[in-house]
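A.B. asks: here is a sequence together with a model predicted from it:
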Amino acid sequence: MTARSFSIPRTAVVAITALVIFMPLGLIFWQSFLNAPFFNPAHRFSLAAYAFIFEDADFWSAFANSIVIAAGMVLIALPLGAALAFLLTRTDLPAQRTIEVLVLIPVFVSPMVLAFGYVVAMGPVGFYSLWAKDLVGDVPWNVYSLASIAVIAGLTHVPHVYLYSSAALKSLGSDVEEAARVVGANPLQVALNVSLPMTMPALFYAAVLVFFLGFELFGLPLVLGDPEGHLVLSTYLYKLTNKLGTPSYHLMAAVAVCIVAVTFPLVLLQRWLLKSAGKYVSVKGKATRQKLLPLGAWKWVALAIVALWLIFTIVVPISGIALRAFVEQWGEGIKLADVVTLDNFRGVFDQSDQVRAIINTLLIGTIGGGLAVACYTAIGLAGHRQQGGVAKILDYIVLIPRAIPGLLAGLAFLWIFLFVPGVKELRNSIFSVWLAYTVVWLAYGMRLISGALLQIGPELEESARTAGASSARVLKDVTVPLIRFGLLASWLLVFMIFEREYSTGVYLLGQGTEVIGSMLVSLWGAGAIDQVAALSLINIALVAVGLAVALRFGVRLHE
Amino acid sequence: MNKPANKLVVEGLHLKYGDNSILKGVSLTLNPGEVVALLGASGSGKTTLLRAVAGLEQPSEGRIAIGEAVLYDAAAGVDLPVEKRNLGLVFQSYALWPHRTVFENVAYGLRLRATSGDDIERRVNDALSNLGLGALAKRLPHQLSGGQQQRVAIARALVYNPPVVLMDEPLSNLDAKLREEARAWLRELIVRLHISALVVTHDQTEAMAMSDRILLLNFGKIEQQGTPEEMYDRPQTQFTAEFMGSNNQLPGKVAQVVDGRAMLEGDGWRLWGVARGELKTGDAATGVIRLERTRIAQGAGENRVRTELITDMFLGDRRENLFKLGALRLRCYGEASADGACWLELPRDDLWIFPQVSGA
């Protein structure tokens, strides 16, 4: 069962996976060492692209901003996420079930939408800003500063830290904590001397993850950084085209390689940390009911802090969008009742490209999501119970897309669809966007699938082999039927992720390939605020439907 | 090590999970220097009782005190938090902190008691060498064998001289061979250091070997308590009799009752035994006899039954035989003749006759 076996379907799956991952990546890499776009016959090998960007002061300030924002996010998200995990797993904080669900919302709302939400809610003439101005005479914040971007990004990434630290706390045997209580440690000492050090590997993992996500941030700095001209690496890349006036593909490729040079080591570090994070979990005691730490009167203080965070990260931006979607305009001295309208939505539905964007987004989430899960399953099964070559190769190549931010992957796929014969014809179909989405979220999808596959005891498959089934037959008759609920849950999660995705479609946006995410970036660039608001609200609604279905059927919202 | 006043007294302890009663009024005493075993099947509440003493479970009624110190008193509203009870607890899983060395695991309790550095050094090293761990102080728990981890867990519980040490299935994580050696070693340690210990176990042999007294728990109540000899030789209920050893059971009817003795009658057999509990002629009852008291006899005689040998099993130090008596199966040790028919003697003083428990 565990012996290597080479079969034609398995080899085909591995070959196709390798092709769709390495072709775009290789193209970017190759392009970065040319002095002109690769389709230009005059191109030759050169380091000119690197020389150019390394001499550009904007590149270095964008690089510095990326690091400052990523580091700031870690400083904010790490303590808050860890504290939230402790409150929700170890104390008698009220309304835990509700909070556990609400906490996950920022993960599933598009950062582009969130960023826009902060602009209309807390920007210089945002709803909350003007109400604050009425109260105190001035707007006491500036969402366009670098610090604000870091704070907003940090607060919206608290859930990522929460997920990993609460998983670590839940798997931490209660016996080691009880042992500390018995020898005389009070609850605070237990938390500091036992629980915290033992969850340290998970926290460290979460820190690297948040730093990584901060480094590839695109939507938030694009929207919030623009007014004051704060660039980060991804927005620097995005603006390069405008900067020179001509498509400067070699420069973009060079920036892309610089970004991957930072993110790929981070991905490898995460993989290594995830393995070592299990180190302390293996020591497990009898599962006894955990006695929750009574917070006493402090529970209301803790609840208030959690509520404030929820208000800031969910209520403020989403209510801002919801309000903005139903008004003609907004500014000082305008009464809400005078400007209420449905024109924004009429505007959206009058534009054929925006209607197509909504339909495409739905299709890519439902049918595309299902196809993506089918692909992930095929890859998962190709490596299932395999040892040696094939499984090892798969294990590593599915990690690679994780290091490529969606914006870059979209760019690479654009080049492929523009210039590779045979697929050019698909350039204007939604297939191009679907392929890019599927590759960008490959690592995420594979975690979902392997999570489902891990649930199957090997003896279930071994007994089918003993009874006379071939390995392909076992997959069909035992393995796949056993993971079918896992697959349905994965489909739902991939649906939400695909509805939320925006950056991957940016470069692929064209007639026929519109999706809401890339449409938002484009409309925002064109200043069409009314339609951005309406489309954002539609996007939130689509994600909310997925979230509601997931909650209804008790799907675990994280791996 | 223990002041004479440090006597653990538990009175009328009740504990519920929701509507499910786990402890239904348990009382026990543990004298200084004494080892008491809490014995019972899984679900009997033995571990819950131990954890309630430690303060890890929340009782609803009763009182727990050590000498003058009241740890828990429902009536007076006293409930000392776990860390203030100053007890030692050895966990079934050992619960060593994987991120601390052996030395730091043991030293932690002393650090929390603001002991000076020199003192900690000396006492931890004393405790470790007492348990034969002197050379392992700098190791991390995962670098130790199961037996060594167990000893670290014990050292950690003893180092600050708690008046009572609680042990939750201390031997169950060791493999069978190691367990027997560890049992002798642990008993020696307890006697040598004059420790008062409350030990939870589900193994009656372990309970008898390690403790001065045994408390047998059955569904949250104490079924019987006494010295190992009393528990084994003079069980008051059928439950105790069956829990404490390997037995033959003979369900039947009481045919006669005379002076504390009863005659039990079954399908083709009649046996005299010691009446345990209220018996009347005609009552359904069960005869229970230890395997080692059942003897192979030569020919018919008093309190003998004619059986047929089904098979025998070689156990190394002896041979166990399985006999057929109508629908009943009887087992006993010894060499049986191979021809099939065989007489078994069930001595009248060794056969206990228990009334049928209603509903059982």
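C.D. replies: Perfect, I can see it now. Numbers count the residues shown, from 1 in each chain, chains lettered A, B, ... in the order given.
A.B. asks: what domains does the record give for the chain?
C.D. replies: Just going to use chain A. With domains defined by automatic domain parsing, chain A comprises A:48-280, A:359-519.
A.B. asks: try chain B instead
C.D. replies: As assigned by automatic domain parsing, chain B contains the domains B:8-238, B:246-355.
A.B. asks: now the longest one: average pLDDT?
C.D. replies: So that's domain B:8-238. Throughout domain B:8-238, pLDDT has a mean value of 91.
A.B. asks: again, but for stretch A:23-35
C.D. replies: Average pLDDT, stretch A:23-35: 90.
A.B. asks: same question for stretch A:489-500.
C.D. replies: Here the average pLDDT along stretch A:489-500 is 93.
A.B. asks: render the CA-only coordinates of that stretch in CSV, please.
C.D. replies: Extracted C-alpha coordinates of stretch A:489-500, given in CSV (Å, rounded to 0.1, in the frame of the first residue of the first chain):
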residue,chain,number,x,y,z
ALA,A,489,-16.9,21.6,3.2
SER,A,490,-13.8,22.4,1.1
TRP,A,491,-16.0,23.5,-1.8
LEU,A,492,-17.9,25.9,0.5
LEU,A,493,-14.6,27.4,1.8
VAL,A,494,-13.2,27.7,-1.6
PHE,A,495,-16.4,29.4,-2.8
MET,A,496,-15.9,32.0,-0.1
ILE,A,497,-12.2,32.5,-0.9
PHE,A,498,-12.9,32.8,-4.6
GLU,A,499,-15.7,35.4,-4.0
ARG,A,500,-13.3,37.3,-1.9
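A.B. asks: get me the contact residues on chain B for chain A.
C.D. replies: Residues of chain B that fall close to chain A, judged by CB under 8 Å from any CB of the partner chain: B:17, B:51, B:54-58, B:81-89, B:91-93, B:95-99, B:108-109, B:112-113, B:141-142, B:156-157, B:160. For the C-beta atoms, the positions are set from N, CA and C on the backbone; glycine is no exception.
A.B. asks: where does chain A dip in pLDDT?
C.D. replies: Residue ranges of chain A with pLDDT under 70: A:1-6, A:245, A:277-291, A:388, A:558-559.
A.B. asks: go ahead and flag the most central residue of it.
C.D. replies: Closest to where the C-alpha atoms of chain A average out (CA atoms, centre = their mean) is residue A:107, at 7.0 Å.
A.B. asks: skip the chain neighbours and tell me the closest residue to the most centrally placed residue in chain B.
C.D. replies: Geometric centre of chain B, nearest residue: residue B:39, 3.2 Å, by CA atoms, centre = their mean. Counting by CB to CB, 6 or more residues apart in numbering or on different chains, residue B:207 is the residue found nearest to residue B:39 once chain neighbours are left out, at 4.5 Å.
A.B. asks: list the residues that contact the one you found.
C.D. replies: B:37, B:39, B:199, B:201, B:214, B:228 (CB atoms under 8 Å, 6 or more residues apart in numbering or on different chains).
A.B. asks: residue A:218: neighbour count?
C.D. replies: Counted with other CB atoms under 10 Å in any protein chain shown, the neighbours of residue A:218 add up to 24.
A.B. asks: ok so, going back, just the buried ones from the residues of chain B next to chain A, in ChimeraX syntax?
C.D. replies: Here is the ChimeraX selection string for the buried members of these, based on 16 or more other CB atoms under 10 Å in any protein chain shown:
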select /B:51,54,55,56,57,82,83,85,86,87,88,89,91,92,93,95,96,97,98,99,108,109,112,141,156,157,160
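A.B. asks: looking at the residues of chain B next to chain A, which are in strands?
C.D. replies: B:17, B:88-89 (DSSP state E).
A.B. asks: and those residues, which is closest to chain A?
C.D. replies: Set against chain A, the nearest of those by CB to the nearest CB is residue B:89 (4.3 Å).
A.B. asks: quick check: residue A:128 touching residue A:316?
C.D. replies: Yes: counting by CB atoms under 8 Å, residue A:316 is a contact partner of residue A:128 at 6.3 Å.
A.B. asks: I figured the residue nearest to the centre of chain B hits residue B:199, correct?
C.D. replies: No: contact criterion CB under 8 Å: residue B:39 and residue B:199 do not qualify, at 9.2 Å.
A.B. asks: starting from whichever helix or strand residue B:255 is part of, tell me which strands it pairs with and how they run.
C.D. replies: Using DSSP states H and E, residue B:255 sits within strand B:247-258. Paired strands of strand B:247-258, with direction, are strand B:261-266 (antiparallel), strand B:284-290 (antiparallel) (DSSP bridges).
A.B. asks: related to what we said a few turns ago, shared neighbours, residue A:128 and residue A:316?
C.D. replies: What both residue A:128 and residue A:316 touch, as defined by CB under 8 Å, 6+ apart, is the set A:121-122.
A.B. asks: returning to what we had before: from residue B:219, how far out is the residue nearest to residue B:39?
C.D. replies: Separation of residue B:207 from residue B:219 (CB to CB, to the nearest Å): 18 Å.
A.B. asks: re earlier: skip the chain neighbours and tell me the closest residue to the residue nearest to the centre of chain A.
C.D. replies: Among residues not flanking residue A:107 along the chain, residue A:159 sits closest, at 4.9 Å (CB to CB, 6+ apart).
A.B. asks: and if you look at residue A:349?
C.D. replies: In space, residue A:349 is closest to residue A:355, 6.0 Å off (CB to CB, 6+ apart).
A.B. asks: just say helix, strand or coil for the one you found.
C.D. replies: helix (DSSP: H, G, I helix; E, B strand; the rest coil).
A.B. asks: what's the burial count for it?
C.D. replies: For residue A:355, using other CB under 10 Å, the count is 13.
A.B. asks: swap in the one 10 residues further on?
C.D. replies: Under the neighbour criterion other CB under 10 Å, residue A:365 is assigned a count of 28.
A.B. asks: secondary structure class for it?
C.D. replies: Of the three states, residue A:365 takes helix under three-state DSSP.
A.B. asks: residue contacts, residue 81?
C.D. replies: Since you didn't name a chain, this refers to chain A. The neighbourhood of residue A:81, defined by CB under 8 Å, 6+ apart, consists of A:157-162, A:165, A:206.
A.B. asks: could you do chain B instead?
C.D. replies: Residues in contact with residue B:81, defined by CB under 8 Å, 6+ apart, are A:181, A:186, B:55.
A.B. asks: redo those as a markdown table? Include distance to residue B:336.
C.D. replies: Formatted as a markdown table, the contacts of residue B:81 follow (distance: CB to CB, whole Å):
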| residue | distance to residue B:336 |
| --- | --- |
| A:181 | 57 |
| A:186 | 64 |
| B:55 | 55 |
